[in-house]
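Q: Using only what follows, build the 3D model:
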Amino acid sequence: MTNMCTDSKALEKRSMFYKSARVLTTDNPTEDQFPLTSVIGSSSLRPMGNFDSHGSNVDTRITAQSALWTQFLMTNSNDNSVLSSFSTPQATKRMITSTTSRVEGGDTVDNEYVIPISTMCATAENDIGLVDMQQNSPQQSHDTIEHQITLTDDEKELFELLKQVTKSCEIPTTLRVAGGWVRDKLLATNAWRNKIGCEDGSILRLTYKKRSKSRKTLTKSLVDEDNVKPVDIDIALDDMLGREFAELMNEWLSNNGMDTVGIGMVMKNPEKSKHLETATMKVGKFWIDFVNLRAEEYAGDSRIPDLMRIGTAEEDAYRRDLTINSLFYNINTGKVEDLTGKGFQDLRRGIITTPLPPLTTLLDDPLRVLRSVRFAARLRFSMDEALRDAARNNLVREALSMKVSRERVGSEVDLMMRSPDPVGAMRLLVNLNLASTVFPLEKLMSGATETSNELFANGISLLSIAHDHLCDCKDEAPVWCTPQAISGMISNGASDSMLINDERTRKILWYAAFLKPLHDESCQSGLSADTENIGRRQGKKSANRSNVMKMIVDELKRPIRDAEVVSQIQKTADHFSILIESVGDESINVLFSGARVSNGNLGIPSCTMISDGKITIIDTDNETNSDWNKAMEYRLTCAQILLGVGSQWRAALILSLSEKILSLTENHEIVNKTENGVITLKNMEMHKQIVAQYDAFAASLLQLGLIGIWDQKPIIDGDEVKRTVLKKLPFGPVFRQVMNEQIEWMTLHPGGSKSALIFHIQSKFPDHI
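A: Just a heads-up that it's a prediction; the model follows:
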């Protein structure tokens, strides 16, 4: 029964065009969106999924062949038969251009990228995917933007409280909210949403929410960016330390009959780039950090301040990490202040840059280089060229390695994985030559640098495919990812959340995908991935941990539980790959046979199948139908894998699917090659078949009632087995065999009776009756 996946219309509908290079789309291209001159000219393309093996930036230019393809699409733009192979269910039209990548060192690599017609002028250096049009647009004054922040009732109440403290205590302190709260509040206002990414602006941000058909969101995201609400507030003080103001506030609360609040102190540590003492307290719904404005002086070439003092607001603004984080909200006046003169402009243009020369800012606190990458990924902004050059400086990498704790590094990586664009974040780390510092593979394996670069490249390719496939599932969910399909199909009271709605599991999946090449390399080198459990028993620093466990726990300082789940997903992905390859069309046979295990009364499974065109109720104790028994054998095989991975099965299946899609590529480049402007459809069809095969497999798991089987309780507990079923049964290995036999029988006979189970166990172990 070859390629039955492609014969089923329901499954075929889910098949979509291959997007390992981050597919971008545009609807109904018009002449002004599709100028031939912009393709043939000197414009360049940013590669969305490829870079050289050394992690260097690549810059790409459109070749004449892509211009021919452009002209071909323009000529046939109204011919549905020509474009039907490239149309999604939303009738979007896509274009494939053949490009030539010029990498550092003079090597030339042929690549292909799927790009939107509206982004022909995307620059090569915009690693997070911004359309830079500033050289063709007049500079827009930041004064034309309304710099107003809308406060919530809770924020108004908090700020009024702070002003009452200063007034009652008769102190002239100017209170300013600093940093991310101001940035996020501005970005949330309609005035900024209308300015950022508009047609007459200088940049089209990837976070832009389209308000008309002419405005596009350039990359897909699984993160709901509209629901980002700041809850932490940093208050900068111009004439006292944070601890002093926190104590004054508690004194005021006490004097006015209110409960005082505990004050937490974070002490300064200049050698670890922690230059300020911070007082933290929770007021109402908000965690508040009180800190003084800072100015500092340096001696010689040292980046450790020789003298630190309370500074002015302008001095403090210039020592902050990024211009978009240097904005203040003056609580006393109710106005937003841009004291560097760059914050509003860079926020509008979507640029990540520093108030001072980038190298100075990064050496002040080397963690800022990772924060720059994180904010570029979170906001989908472009990193300024001077900042990128500074980030590649050896001094920055050395300082990051020597001065910044691994806990702080791991926290930044974790935030990158939770950002709207984890793929772009990891790609930036590689392109900025930071990956080997953040993920020190050389400490874990005895391979050359080239091996590390290859692992990073493979990890980004796999992460990109997994991310894009989940985005596709969000846009058009397959049957097994719809609430209607899973309703009533989850057994044993288990929970089964969709990955598109589960931020934590998605983050774990991104770790698993990016580090999967390290897992594979370790297994090929003879280091079993099963050693992490031994490592946990032997202590946190055990040398017996797998390399993936060591990376996550020892190098990134992430929780052991997260590392265990990552490793389990990776191992289960391998098991899924082997199983799906071995069972062939069995999942299709299950679907067409109608064999179904669903929740019945009192939690007892109800079993049915289609026989002679009619739904037949199955008595699992005595059923002899060969099709049913084959389906149950298939159910047992699948259950043995699901019992190990549990509720993370969706992440493992997506990872397995992504590896299968990646296997279609050669050197991890798009394989849909063009010859004289004609596209070969073979690999597109293979991609469709793979997606359909995995969709059918997942649907069969649901249909056979396997979701939640990991929470299945035995019909007969251990005490009852020894007391009434096998009275001579000793504890130990034999006892475990009996309990495992019970679980296997229950899987083969869902809804089977207790008496039939007892008869089976006693027949299997007669010596212990």
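Q: Does anything pack onto the longest helix anywhere in the chain? Which helices or strands?
A: Criterion DSSP state H: the longest helix present in the chain is helix 449-475. For helix 449-475, the elements it packs on are helix 422-431, helix 435-438, helix 441-444, helix 503-514, helix 516-524, helix 649-662, judged by 3 or more Cβ pairs under 8 Å, 6 or more residues apart in numbering; DSSP states H and E. Using the backbone N, CA and C atoms, a C-beta is placed for each residue, glycine as well.
Q: what comes up buried for it?
A: 452-474 (16 or more other Cβ atoms under 10 Å).
Q: Between helix 422-431 and that helix, find me the angle.
A: Per axes from the mean of the first three to the mean of the last three Cα atoms, to 10 degrees, the angle that helix 449-475 makes with helix 422-431 is 160 degrees.
Q: what's the angle from helix 449-475 to helix 503-514?
A: Using the same axes, to 10 degrees: helix 449-475 against helix 503-514 is 140 degrees.
Q: And for Leu429, nearest residue in space, chain neighbours not counted?
A: Closest residue in space to Leu429, ignoring its immediate chain neighbours: Ala435 at 4.5 Å, by Cβ to Cβ, 6 or more residues apart in numbering.
Q: For that neighbour, give me its contacts.
A: Contacts for Ala435 (Cβ atoms under 8 Å, 6 or more residues apart in numbering) come out as 55, 426, 429, 452, 456.
Q: distance of the second one from Ser656?
A: In this structure, Met426 lies at 20 Å from Ser656, with Cβ to Cβ, to the nearest Å as the measure.
Q: How about the last one?
A: When distances are taken as Cβ to Cβ, Phe456 and Ser656 turn out to be 21 Å apart.
Q: residues in contact with the nearest residue to Leu400 once chain neighbours are set aside?
A: Leaving aside its chain neighbours, Leu400 sits nearest to Pro366 (4.0 Å; criterion: Cβ to Cβ, 6+ apart). Going by Cβ under 8 Å, 6+ apart, Pro366 touches 273, 396, 399-400, 403-404.
Q: Out of those residues, name the ones that lie in helices.
A: Those of those lying in helices (DSSP H): 396, 399-400, 403.
Q: Show me which of those is closest to Ala512.
A: Using Cβ to Cβ, Leu400 comes nearest to Ala512 of these, at 25.0 Å.
Q: For burial, what's the neighbour tally of that closest one?
A: Here the number of neighbours of Leu400 (other Cβ atoms under 10 Å) works out to 24.
Q: what's the pLDDT at it?
A: At Leu400, the pLDDT value in this model is 96.
Q: what's the spacing between it and Arg406?
A: Leu400 is 11 Å from Arg406, by Cβ to Cβ.
Q: Report the residue spans of the stretch 351-500 of the chain with pLDDT below the cut-off.
A: 447-449, 484-489, 491-495 (pLDDT under 70).
Q: hang on, I meant the stretch 201-350 of the chain
A: Along the stretch 201-350 of the chain, segments meeting pLDDT under 70 span 201-220, 224-231, 267-276, 296-308.
Q: Next, please give the residue ranges for the strands of it.
A: With strands called from DSSP state E, counting those that start in this stretch, the stretch 201-350 of the chain shows them at 203-204, 232-237, 264-266, 278-283, 286-292, 294-298, 305-310, 328-330, 335-337.
Q: For Asp421, find the nearest of those strands.
A: Using Cβ to Cβ, those put strand 203-204 closest to Asp421, at 15.1 Å.
Q: If you count neighbours, what's buried in stretch 717-727?
A: 721-722, 725-726.
Q: Show me what that stretch is in contact with.
A: With contact meaning Cβ under 8 Å, 6+ apart, stretch 717-727 is reached by 716, 729, 735, 738-739, 742, 758, 761-762, 765, 768-769.
Q: Kindly confirm whether my reading is correct that Glu337 touches Asp316.
A: No: taking contacts as Cβ atoms under 8 Å, Glu337 lies outside contact range of Asp316: 10.9 Å.
Q: Comparing these two, which residue is more hemmed in?
A: Neighbour totals were compared for Glu337 and Asp316, and Asp316 leads with 23 against 19 (other Cβ under 10 Å).
Q: backbone phi and psi for the closest residue to that one other than its chain neighbours, please?
A: In space, and not counting its chain neighbours, Asp316 is closest to Leu293: 4.0 Å by Cβ to Cβ, 6+ apart. Torsion angles at Leu293 (phi, psi; degrees, to the nearest 10) stand at phi -60, psi 150.
Q: could you list every residue that touches Leu293?
A: 176, 236-238, 310-313, 315-316.
Q: what do you get for Ser401?
A: The contact partners of Ser401, taken as Cβ under 8 Å, 6+ apart, are Thr437.
Q: separation between it and Pro366?
A: To Pro366, Ser401 is 8 Å away according to Cβ to Cβ.
Q: swap in Gly284?
A: 35 Å.
Q: What mean pLDDT does stretch 708-717 get?
A: 91.
Q: Just the buried residues of the contacts of Leu293.
A: Buried members of these, scored by 16+ other Cβ under 10 Å, are 176, 236-238, 311, 313, 316.
Q: Quick one: neighbours of Gly732, just the number.
A: Quick note: Gly732 (other Cβ under 10 Å) scores 8 neighbours.
Q: just Arg378 next, same as before
A: Quick note: Arg378 (other Cβ under 10 Å) scores 21 neighbours.
Q: go on, Glu277?
A: Neighbour count for Glu277, taken as other Cβ under 10 Å: 16.
Q: Next: Ile490.
A: 19.
Q: Also Met684?
A: Met684 has 19 neighbouring residues, counting by other Cβ under 10 Å.
Q: Quick check: which element contains it?
A: Assessed by DSSP states H and E, Met684 sits inside helix 682-703.
Q: Using neighbour counts, pick out the buried residues of that helix.
A: 683-684, 686-703.
Q: Then stretch 384-395?
A: Those would be 384, 387-388, 390-393, for stretch 384-395 by 16+ other Cβ under 10 Å.
Q: for the record, mean pLDDT for stretch 722-730?
A: 91.
Q: related to what we said a few turns ago, who wins for proximity to Arg650 among the strands of the stretch 201-350 of the chain?
A: Across those, closest to Arg650 is strand 232-237 (Cβ to Cβ), at 31.8 Å.
Q: Packing partners of that closest one?
A: For strand 232-237, the elements it packs on are strand 175-178, helix 180-187, helix 242-255, strand 286-292, judged by 3+ Cβ pairs under 8 Å, 6+ apart.
Q: Repeat the analysis, applying 6 Å as the threshold.
A: Identification of packing neighbours for strand 232-237 by 3 or more Cβ pairs under 6 Å, 6 or more residues apart in numbering; DSSP states H and E yields strand 175-178, strand 286-292.
Q: what about the strands in the stretch 601-750 of the chain?
A: 605-611, 614-617, 674-675, 678-679.
Q: Helix, strand, or coil at Ile149?
A: coil (DSSP: H, G, I helix; E, B strand; the rest coil).
Q: wouldn't it be in contact with Arg183 here?
A: No: taking contacts as Cβ atoms under 6 Å, Ile149 lies outside contact range of Arg183: 10.5 Å.
Q: Pick out whichever of the two has more residues nearby.
A: Applying other Cβ under 10 Å to Ile149 and Arg183 shows that Arg183 carries more neighbours, namely 22 against 18.
Q: Check the more buried one and give its pLDDT.
A: Reported pLDDT for Arg183: 94.
Q: between the helices and strands packed on strand 232-237, which gets nearest to His519?
A: strand 286-292 (37.3 Å).
Q: tilt between that closest one and helix 242-255?
A: Angle of strand 286-292 versus helix 242-255, following the same axes, to 10 degrees, is 130 degrees.
Q: List the buried residues in strand 286-292.
A: By 16+ other Cβ under 10 Å, the buried positions in strand 286-292 come out as 286, 288-292.
Q: just stretch 155-166 next, same as before
A: Here stretch 155-166 shows 155, 158-159, 161-162, 165-166 as buried, counting by 16+ other Cβ under 10 Å.
Q: Please apply the same query to stretch 440-449.
A: In terms of neighbour count (16+ other Cβ under 10 Å), stretch 440-449 has its buried residues at 440-441, 444-445.
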